[in-house]
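Chemist: When you get a sec, could you give me coordinates for this:
(chains A and B, ligands or ions: 1)
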Amino acid sequence: MPIERVAIIGGGLCGWLAASMLARKVPDVQIIVLSAQGEERGLGIANGGEVLLPQDIETVAATGWRGGDLLKHCSASFVLGTAMSGWRGDGMPAFVPFGEIGAPLGPVPFHQLVAVARARGHAVNIANYALGALCAQSGRFAPPRGDDASVLATLAFGLTVDTGRLRDLLRADARRQGVTEAGMWTGGADREGTTITALHTAAGDGVDTDLIVDASGADSPLAGAFEGWAQWFPFDRAITALRPARSVPPLYTDLAALADGWQAFVPLAGGVAETVVSGSAQGPDVQSFRTGRQRRAWEGNLVRIGAAAAQHDPCAGLQLHLALADAARLVALFPANRDCRAEALEYDRQWRETSDCAFDYTALRLARNGAAGPVWDALRATDLPERTQYRHDLYAGTGRVVLHDGEVFETPGWVAQFEATGILPQRADALANALPTQAITAHLGKVREAMLAGLGRLPPHATLLAEMHA
Amino acid sequence: MTAQVERGPLRRVVIAGGGTAGWMAAAALSRLSGNGVTQIVLVESEEIGTVGVGEATIPPIKTFNAMLGIDEDEFVAATQGTFKLGIEFAGWGREGEAYLHPFGAYGADISGVKFHQIWLKLRAAGIPLPLDDFNMSATAARMGKFDRPGADPRSALSQLDYAYHFDAGLYAGFLRTYAEARGVVRHEGRIAHVRLDGESGHIAALHLDDDRVIEGDLFIDCTGFRALLIEGALGSAYEDWSHWLPCDRAVAVPCARGGPGAGPLLPYTRSTARSAGWQWRIPLQHRTGNGLVYSSRHMSEDDATATLLGNVDGEITGDPRPLRFVTGMRARPWVKNCVALGLASGFMEPLESTSIHLVQIGISKLLALLPDRSFPAHERDEYNRLTAIQWAQIRDFVILHYHANARGDSTFWRECATMPIPETLERKLALFRSTGRLFRYDDELFTDANWTAVMLGQGVMPQQHDPLADTLDQPQVRDMALRMTDAFRRTARAMPAHADFIAQHCAGRPI
Ligand SMILES: Cc1cc2nc3c(=O)[nH]c(=O)nc-3n(C[C@H](O)[C@H](O)[C@H](O)COP(=O)(O)OP(=O)(O)OC[C@H]3O[C@@H](n4cnc5c(N)ncnc54)[C@H](O)[C@@H]3O)c2cc1C
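Modeler: Now for the predicted structure:
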């Protein structure tokens, strides 16, 4: 029997994201959105601003959403990476850019060249070899054109968005595509065996459904068996605020390690979203949260997406990315039939892969850095899951980056994070070691020159913004 | 700094064995000697000889040749090679039917909808079009044509992908010349003993039967099924996959090309199902390679030989050669300071001609994870982890051919159809059966196109297409599809015949 009706629980950004995407991609299915307690926490902690990574912008385009609308209606601003301070033992700040860093020399990856150069006494700051970092520093930027074969093509950019405005935009879009709303969900449901057949609403008339998408966050009454992550992600309080700002938004997000947590700034057009996450904050505007994930994301005819499936510590800024990936995966595996066991198994496999990779990235940032203070000392002393530790050891040994299916970041993203948290390879790769110093320094010089030349061709970011909003 | 001295780059890499695997490794590693420190040596014994039946390849071998800077025409001529556009599987789904598993993609995706889903949608709408018509290589293969793909990415010809058939003995010789010219030192002799270091358990030296001793830092075991180093000296266990891939014997025989009924020089391999296995036919310039791969539980050697000899299309020019193997892999192909490549590292049933490719990816992984003299455990672990993933993926793909059969004519085929299969393949099959969806895992060698060809070829038909395909406008899609097949057909017609192409560009010396 075909799937005819889909009920989405949660009218927050996460729910409307799924509603709009499904409506565009599987138009023959009737989609109903229900409001729910905690729906504003569908992505995780409720932030005023979130980041679309470079690969998310492709998902946005493939869905048929217009980038121009995001810029116009969601206070979107360009970002090229994250400035991280307080995460290294030596106190040095670092920049984690999107996109490429440097260029390989024959078969030898760039970061291995850097490791050899350093071992031979040359100080190298990798941020000087990433166009994104150079642009962010100097405030120059224009989105690369598709046909550009120069160094400018290595520039990858993300977009920040005002989450409330993006929700409104997607809601309007979904409603135009025929999605309807059914008011408030009470938390109750009718079941036949393990299948949910209807959801109860406050208005009294239940909503019949073939498939349920739970986008109502980690505290959903439909939550199942749970695996907690508190030992690696001990922070459970967040305070967020959205403030106006007049100046030209910086081309990067900012992430600072505090004595008992961290603080992030996400620039928006005309504002800045601020988040402080810690283990101790008190007060009326404090959101408390619990990190961890469900054993299964797709169970029977229930698909949990966003924080209803997994809640990571949001220090890596992946909340929107992960929810978008969940929605896109649901579209790619949208079941043709009510018997959807094959789809559920595959969905869970892919979801777990992605969630594992995001976990590793986040856990290495939080629990293997050089930040000062007893909270951080305790985290550094915690054993990591074997897979996560293996990634660390392989990089710390000889600078090898382990890549799995479902990786959020490729080699440069991992290298940049390791650098930013002060984890450096003990020795370089054997092929790199065989290179004469002169060949390496000459190559580094050439790369830097090309980057600077590219940078010189870019306009100041302020000019771009003025043109866009003219 | 003393620690640095202990670490330092490898001084000598010793390759044991000079078959296809040994000489591929020697050719690729010869670049290491560029650092002025590392020396590459290879030991082989002519008296023992090589297996030498690996004659069919897959497209990534072009990357290997390019990395070595080998000229294609020179290489094809030197190995009596021909071009391969895919494999024809005759009688695999059921007796009397055949399908092509071509290289390269089918059609083109439209608005994020995979092409095979569009094909399924058109089929469901009563517009059945032959799948082969959407693949450039298949279209050319059916016409017996070949040409090199064009550089213009918008042209139909650029969609063509290919590999080679070649004489394995000549290939090893060709790589030997290459490697020796780049400083690789060859020792002829029989390895009598492998000496281990008492303290570390690493291999210290190979002792030859004439008392020569060859010491080294890194040892590459390419001694074929003997696995003298990895198993003989280091005892790395073998994981047996014959419960999934039951063939364990082969008999091979060459025949002359152009016998009666042989037809033109085909640009593809043929694999024909027989009652307890399958027979290969590999066209080369100077001869045709033939062999029967079978299960000894279901067929005797005499029957196998008789079946093979009764089914070749040219005058037999050599004695039938029997071979034995157990499909499976070395659970840890890298142990201590020894990396096994080729048959020493495992045996993949040759159905999709992946063995030489497995040697190639072993080499590229080794280069990417090349250790220094301290041999950090992590590089070894990562090599073993990645190798296990890649082997298991290819294994699953090969099992699919056996499992999804509707022959039912013999115990062998009935057992294959009903045997339990790996869970990973089970899931892939379930998903494809339901909506034709395919997902590529971990940089898998085989793409959606490969899986589609074999799934559909073996008769695994999805119950319905992906609902995503319904977002496309049907008449528009049909017109696009028809334009595509038309372009492929016109392009193929304009291509030279395979034999003519070879005669013009890369004919080998008459033998
Ligand atoms: C039936 C069959 C069909 C195949 N078809 C294909 C195909 O179509 N495509 C494909 O890619 N692959 C195919 N293969 C696999 C392919 O043949 C092998 O992968 C390839 O030949 C590599 O073999 P090798 O070099 O590892 O071993 P071998 O060819 O066995 O070489 C072993 C080497 O070790 C040396 N040696 C052994 N012992 C000693 C000793 N004591 N002292 C000194 N030297 C020693 C030998 O002299 C020899 O040089 C097929 C295999 C079989 C069995």
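Chemist: With adjacent residues omitted, what lies nearest to whatever residue of the stretch 251-400 of chain B ends up closest to the ligand?
Modeler: Closest to the ligand within the stretch 251-400 of chain B is B:Gly342: 2.3 Å, counting by CB to the nearest ligand atom. For the C-beta atoms, the positions are set from N, CA and C on the backbone; glycine is no exception. Computed as CB to CB, 6 or more residues apart in numbering or on different chains, the closest residue to B:Gly342 that is not its neighbour in sequence is B:Ala21, at 2.6 Å.
Chemist: Quick one: residues in contact with the helix or strand encompassing the one you found.
Modeler: B:Ala21 is part of helix B:20-29 when elements are defined by DSSP states H and E. Under the contact criterion CB atoms under 8 Å, 6 or more residues apart in numbering or on different chains, helix B:20-29 has outside partners B:13, B:15-16, B:18, B:40, B:42, B:44, B:50, B:52, B:54, B:64, B:67-68, B:168, B:171-172, B:175-176, B:178-179, B:182, B:184, B:220, B:222, B:224, B:341-344, B:356, B:359-360, B:363-364, B:367.
Chemist: Let's see that with 7 Å instead.
Modeler: With contacts defined as CB atoms under 7 Å, 6 or more residues apart in numbering or on different chains, helix B:20-29 is touched by B:13, B:15, B:40, B:42, B:44, B:54, B:68, B:168, B:171-172, B:175-176, B:178-179, B:184, B:220, B:222, B:341-343, B:356, B:359-360, B:363.
Chemist: I'd like to know which elements the helix or strand that it is followed by is packed against.
Modeler: The helix or strand immediately downstream of helix B:20-29 is strand B:39-44, counting by DSSP H and E. Applying 3 or more CB pairs under 7 Å, 6 or more residues apart in numbering or on different chains; DSSP states H and E, one finds that strand B:39-44 contacts strand B:12-16, helix B:20-29, strand B:185-188.
Chemist: Could you pull up the mean pLDDT of the second one?
Modeler: Spelled out, that is helix B:20-29. Across helix B:20-29, pLDDT averages out at 97.
Chemist: swap in stretch A:275-289?
Modeler: Mean predicted lDDT for stretch A:275-289 stands at 92.
Chemist: Tell me which residue of the stretch 401-511 of chain B lies closest to the ligand.
Modeler: In the stretch 401-511 of chain B, no residue comes nearer to the ligand than B:Leu445, which is 12.6 Å away by CB to the nearest ligand atom.
Chemist: Using PDB, write down the CA coordinates of the longest strand along chain A.
Modeler: In chain A, with assignment by DSSP state E, the single longest strand is strand A:180-192. C-alpha atoms of strand A:180-192 as PDB (Å, rounded to 0.1, in the frame of the first residue of the first chain):
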ATOM      1  CA  THR A 180      -1.500  22.000   5.700                       C
ATOM      2  CA  GLU A 181      -1.400  22.600   9.500                       C
ATOM      3  CA  ALA A 182      -3.500  20.700  12.100                       C
ATOM      4  CA  GLY A 183      -2.900  22.700  15.200                       C
ATOM      5  CA  MET A 184      -1.300  21.400  18.400                       C
ATOM      6  CA  TRP A 185      -0.400  17.800  19.000                       C
ATOM      7  CA  THR A 186      -1.300  16.500  22.500                       C
ATOM      8  CA  GLY A 187       1.500  13.900  22.600                       C
ATOM      9  CA  GLY A 188      -1.000  11.100  22.200                       C
ATOM     10  CA  ALA A 189      -1.200   8.600  19.400                       C
ATOM     11  CA  ASP A 190      -3.200   5.600  18.100                       C
ATOM     12  CA  ARG A 191      -1.200   2.500  17.400                       C
ATOM     13  CA  GLU A 192      -1.600  -0.800  15.600                       C
END
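Chemist: which residue sits closest to the residue in the stretch 1-150 of chain A positioned nearest to the ligand, ignoring its sequence neighbours?
Modeler: Closest to the ligand within the stretch 1-150 of chain A is A:Pro107: 23.9 Å, counting by CB to the nearest ligand atom. What sits nearest to A:Pro107 in space, not counting adjacent residues and going by CB to CB, 6+ apart, is A:Leu431, at 6.2 Å.
Chemist: Any figure for the gap between the closest residue to the ligand within the stretch 1-150 of chain B and A:Pro459?
Modeler: Going by CB to the nearest ligand atom, the ligand is nearest to B:Gly19 of the stretch 1-150 of chain B, at 2.4 Å. Using CB to CB, to the nearest Å, B:Gly19 is found at 60 Å from A:Pro459.
Chemist: And for B:His101?
Modeler: Distance, B:His101 to A:Pro459, using CB to CB: 52 Å.
Chemist: circling back: mind checking the SS state of the residue nearest to A:Pro107?
Modeler: Using DSSP: H, G, I helix; E, B strand; the rest coil, the structure places A:Leu431 in helix.
Chemist: try B:Val253
Modeler: On the three-state scheme (three-state DSSP), B:Val253 is labelled strand.
Chemist: Hmm, B:Gly318 and it touching each other?
Modeler: Yes: using CB atoms under 7 Å as the test, B:Val253 is close enough to B:Gly318 to be in contact (6.0 Å).
Chemist: Give me the below-cutoff pLDDT ranges for chain B.
Modeler: Across chain B, the ranges flagged by pLDDT under 70 are B:1-6, B:259-262.
Chemist: Can you give me the buried ones in the longest helix seen in it?
Modeler: The longest helix of chain B (DSSP state H) is helix B:377-403. Residues of helix B:377-403 classed as buried by neighbour count (16 or more other CB atoms under 10 Å in any protein chain shown): B:378-384, B:386-388, B:390-403.
Chemist: just the helices in the stretch 101-250 of chain B please.
Modeler: For the stretch 101-250 of chain B, applying DSSP state H, counting those that start in this stretch gives helices covering B:115-124, B:136-142, B:168-181.
Chemist: ok and the longest one relative to strand B:12-16, angle-wise?
Modeler: Orientation note: helix B:168-181 sits at an angle of 160 degrees relative to strand B:12-16 (axes from the mean of the first three to the mean of the last three CA atoms, to 10 degrees).
Chemist: and helix B:168-181, how far from the chain's centre?
Modeler: With CA atoms, centre = their mean, to the nearest Å as the basis, helix B:168-181 stands 19 Å off its chain's centre.
Chemist: what does the stretch 101-250 of chain B put close to the ligand?
Modeler: Applying CB under 6 Å from any ligand atom, one finds that the stretch 101-250 of chain B approaches the ligand through B:Ala168, B:Arg190, B:Ile191, B:Cys222, B:Thr223, B:Gly224, B:Arg226, B:Leu228, B:Ala250.
Chemist: For stretch B:457-470, report the contacting residues that lie outside it.
Modeler: A:25-26, A:28, A:334, A:336, B:89, B:92-93, B:99, B:101, B:113, B:117-118, B:120-121, B:124, B:400-401, B:404-406, B:429, B:432-437.
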